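# Pasted the sequence and its predicted model underneath.
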Amino acid sequence: MWLSAVAAVVVLAIAAMAALPRIADTPRIQSLIAGSLSQALARPVRFRSVSVSVLPRPAVRLHGLEVADDPAFGGGPFLRLDDADLRLKLWPLLRGQVEFATLVLNRPTIALIQGHDGRWNFASLGTARETATPTRTHRVGGGGAAPAGLVSRIVVDAGLVTYETRRMGAAPLRQRVENVDLTLSPRPGALSFSGSARVMPGELSVKISEGVLGLSGARTLVDASIRARIELDGQDVQPIVAAVIGGGKPALAGGITGKLAVTGAVGRPRATGEIELRGPAVTWTSPACPPPRRRTLQLSPVKANVSWDDGRLVVQPLVTGIGEGSIATKLSTVPGPPVQAELADLVLKGIPLERVLVDFFCQGYAVAGPLDHTGTLTVSPADPTGTLNGAGQFRVGAGRVVGARALALLGGVVRSGGAGSSVVSSVLPASLFSSPLEFDSIAGTYQIKNGVVTTRDLVYTSRAMKARVAGDYAMATGQLSFDLVLEHGRGVMQAKVTGTAASPSIRVAPSLLHQVEPERVERNLKDLLKKFAR
């Protein structure tokens, strides 16, 4: 008995498969699909041709599918792909009806564009849809009506999403998301989704789960509410950071993992969670360094809470370190252009300056010692020397002058025994040159406005002397103007330093030079300061 029933079902299935090309009449199917998609998306939809396949499962295949873009963003397609499969439900097919179960988009390319006014090209998608109406399946044949819904599930297979942000007066920012695998399931008033993707450049793996789009009451897709969980895993963040701030600058590298909860609306999503940077490092290439010119400054691992809201990223607290020293701050960014970064409550304790100034930046006139600092800085990574602003106070503990060029210069002055040494020594005591490299501290406060550093109370203290500095220094041009006061065992010497760091001009107060020729003192001090100021 049951064998007869099974046989009957098999016969019906074979008959339905054989009749499928006739039931799914190609012109009717083409008209139905094009009209339904165009109505649902509120965009023109076209495809080159339609074919019907029976195996491995009954499906209607669309060839050369394109969905038009918003005309305000250009004439290119919003979505295009070679093939899309509309899979059919088997049981309705046995009754002579065609019902679509799943739409499979094979390797689609989707172009997302954000204009300089912040508007997205997908904002007008689906503006004519009735979002509160439950999705129903299409039926063709057997006298079935054609209701509003088309499919019960959409699958994106190995998709490519290109992302472009157009910025007023600047080159567009472009990225892409590859290997997008996504499953979307319509339900009354909402759309659930899950999947995975890879962000390029950077090989950042993204896993999406528990995703829901709330369509009920939303006028457009941009207004739809969103909820999802995202997991991040990447081997190196350097390409992503370089794409945002531009290449050729100090670059941040390191692996990343993170878990984020996404809420808000599609047009203005919010995300909160935790991220961890594994083996973070800053890389820098400088012609001042001997080979290898590309240097790396290793940082301590970073684990921080992050939030993203309306293009603003906040990392708090951001804690890392260099060697035995520690760095703590609150990092926040403001979308550009240009992108602005703020380091609030920046606290450094015991940062080994030799690693930073000598090993990393290769400064020939660097100092070594532990740096303590408190303050706040803001900067645009695209132009750090011209956009740096902030204020703070710092202290370098007991240390030495360690730059190779400074050592060679001071050693030459001490050994020369020539006019320069004798003239300077007549004003400054010999103890300054017997041990010129060691100091007890360098401390002061500062303000920075658009890359111009101002200090009124910088004090260099050693056993032999105390130097006080007050003035300005422009980081981008090297222009400087400051007053220098040297206090030592024989009295006080004052000088005014102007010009540039590469070519300073020094004027010594003549009333303090006694019997010494001021021109000779200025000439030798100029040479000394010129070397240290580079």
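That came in fine, so what should we check first?
# Using the three-state scheme, assign the most centrally placed residue in the chain.
In the chain, the centroid-proximal residue (CA atoms, centre = their mean) is Val241; its distance is 4.1 Å. Of the three states, Val241 takes helix under DSSP: H, G, I helix; E, B strand; the rest coil.
# now it, nearest residue through space, not along the chain?
Nearest non-adjacent residue to Val241, counting by CB to CB, 6 or more residues apart in numbering: Leu252, 4.9 Å away. For the C-beta atoms, the positions are set from N, CA and C on the backbone; glycine is no exception.
# helices and strands around whatever helix or strand the one you found lives in, which ones?
Assigned by DSSP states H and E, Leu252 belongs to strand 251-264. Packing partners of strand 251-264 (3 or more CB pairs under 8 Å, 6 or more residues apart in numbering; DSSP states H and E): strand 225-234, helix 238-245, strand 269-285, strand 302-309.
# got the angle between the first one and strand 251-264?
What it means is strand 225-234. For strand 225-234 against strand 251-264, the angle by axes from the mean of the first three to the mean of the last three CA atoms, to 10 degrees is 160 degrees.
# who does the closest residue to Leu204 other than its chain neighbours bridge with?
Nearest non-adjacent residue to Leu204, counting by CB to CB, 6+ apart: Gly234, 3.8 Å away. Gly234 forms beta bridges with Leu204, Ile256, as assigned by DSSP bridges.
# how close does Gly234 get to Ile110?
Distance of Gly234 to Ile110, given as CB to CB, to the nearest Å: 22 Å.
# go on, Arg395?
For Arg395, the distance to Ile110 - CB to CB - is 54 Å.
# again, but for Ser36
Distance, Ser36 to Ile110, using CB to CB: 20 Å.
# Let me see the mean pLDDT of stretch 498-507.
Averaged across stretch 498-507, pLDDT comes to 75.
# what do you get for stretch 340-353?
Regarding stretch 340-353, the rounded mean pLDDT is 94.
# Give me the buried positions along it.
Neighbour counts using 16 or more other CB atoms under 10 Å place Gln340, Ala341, Glu342, Leu343, Leu346, Leu348, Ile351, Pro352, Leu353 of stretch 340-353 among the buried residues.
# you'd agree the first one is up against Leu313?
I take that to be Gln340. No - counting by CB atoms under 8 Å, Gln340 does not reach Leu313; the two are 11.0 Å apart.
# can you list residues touching both of these two?
Common contacts of Gln340 and Leu313 (CB atoms under 8 Å, 6 or more residues apart in numbering): Thr333.
# count of neighbours near the nearest residue to Val45 once chain neighbours are set aside?
Closest residue to Val45 apart from its sequence neighbours, by CB to CB, 6+ apart: Leu37 at 4.2 Å. Residues lying near Leu37 (other CB atoms under 10 Å) number 20.
# Assumed Leu37 was part of a helix.
Yes - the assignment for Leu37 by three-state DSSP puts it in a helix.
# For it, give me the pLDDT.
pLDDT recorded at Leu37 is 77.
# can you check Leu407 too?
pLDDT, read off for Leu407, is 55.
# and what of Asp70?
Predicted confidence (pLDDT) for Asp70: 88.
# So what's the residue count around it?
Other residues near Asp70 come to 18 when the count uses other CB under 10 Å.
# Relative to whichever strand or helix holds Leu458, what are the paired strands and their orientations?
Assigned by DSSP H and E, Leu458 belongs to strand 452-461. Strand 452-461 sits in its sheet next to strand 441-449 (antiparallel), strand 465-474 (antiparallel), going by DSSP bridges.
# which of the residues in that strand are buried?
Judged by neighbour count (16+ other CB under 10 Å), strand 452-461 contains these buried residues: Val452, Val453, Thr454, Thr455, Leu458, Val459, Tyr460, Thr461.
# Least confident of those?
Tyr460 (87).
# quick one: that one and Gly444 touch, right?
No - applying CB under 8 Å as the test, Tyr460 and Gly444 come out as separate, 9.1 Å apart.
# For Gly159, which of the strands paired with strand 452-461 is the nearest?
Among those, the nearest to Gly159 by CB to CB is strand 441-449 (46.0 Å).
# Show me what counts as buried in that closest one.
Under the neighbour-count criterion of 16+ other CB under 10 Å, strand 441-449 has Ile442, Ala443, Gly444, Tyr446, Ile448 buried.
# ok, now stretch 108-121?
Neighbour count says stretch 108-121 has Pro108, Ile110, Ala111, Leu112, Ile113, Gln114, Gly115, Arg119, Trp120, Asn121 buried, by 16+ other CB under 10 Å.
# who touches the second one in this structure?
It stands for Ile110. Ile110 neighbours (CB under 8 Å, 6+ apart): Phe78, Leu79, Gly159, Leu160, Val161, Thr162.
# Using CSV, write down the CA coordinates of the helix or strand harbouring it.
Using DSSP H and E, Ile110 falls within strand 109-114. What follows is strand 109-114, C-alpha atoms only, in CSV (Å, rounded to 0.1, in the frame of the first residue of the first chain):
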residue,chain,number,x,y,z
THR,A,109,28.6,43.3,-7.0
ILE,A,110,26.9,46.0,-4.9
ALA,A,111,28.0,49.7,-5.0
LEU,A,112,27.4,51.7,-1.8
ILE,A,113,28.1,55.4,-2.0
GLN,A,114,27.8,58.1,0.6
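# Contacts for the strand holding Leu252 next, please.
Applying CB under 8 Å, 6+ apart, the external contacts of strand 251-264 come out as 204, 225-238, 241-242, 269-284, 299, 302, 306, 308-309.
# Return the distance of it from the chain's centre.
How far strand 251-264 lies from its chain's middle: 10 Å, per CA atoms, centre = their mean, to the nearest Å.
# buried set for that strand?
Applying 16+ other CB under 10 Å to strand 251-264 flags Ala251, Leu252, Ala253, Gly254, Ile256, Gly258, Leu260, Val262 as buried.
# on that earlier part again, buried by neighbour count, from the contacts of strand 251-264: which ones?
Using 16+ other CB under 10 Å as the burial test, the contacts of strand 251-264 include 204, 225-228, 230, 232, 234, 236-238, 241-242, 269-271, 273, 275-277, 280, 282, 284, 299, 302, 306, 308 as buried.
# for Asn106, which residues make a bridge with it?
Beta-bridge partners recorded for Asn106 (DSSP bridges): Asp83, Asp157.
# Repeat that for Thr378.
Taking DSSP bridges as the rule, Thr378 bridges to Glu342, Asn389.
# That one against Glu342, yeah?
Yes - the pair Thr378 / Glu342 is scored as a contact, 4.6 Å apart, by CB under 8 Å.
# rewinding a little: could you tell me which residues touch both of Tyr460 and Gly444?
Common neighbours of Tyr460 and Gly444 (CB under 8 Å, 6+ apart) are Val469.
# Could you report the pLDDT at the residue lying closest to Met465 once chain neighbours are set aside?
Leaving aside its sequence neighbours, Met465 sits nearest to His488 (CB to CB, 6+ apart; 4.2 Å). pLDDT recorded at His488 is 72.
# And His488, its phi and psi?
Main-chain torsions, His488, degrees, to the nearest 10: phi -150, psi -180.
# Could you give the bridge partners of it?
Beta-bridge partners, per DSSP bridges, of His488: Met465, Gly491.
# can you check Leu348 too?
Beta-bridge partners of Leu348, as defined by DSSP bridges: Ile327, His373.
# just Arg176 next, same as before
Going by DSSP bridges, Arg176 forms beta bridges with Thr162, Met200.
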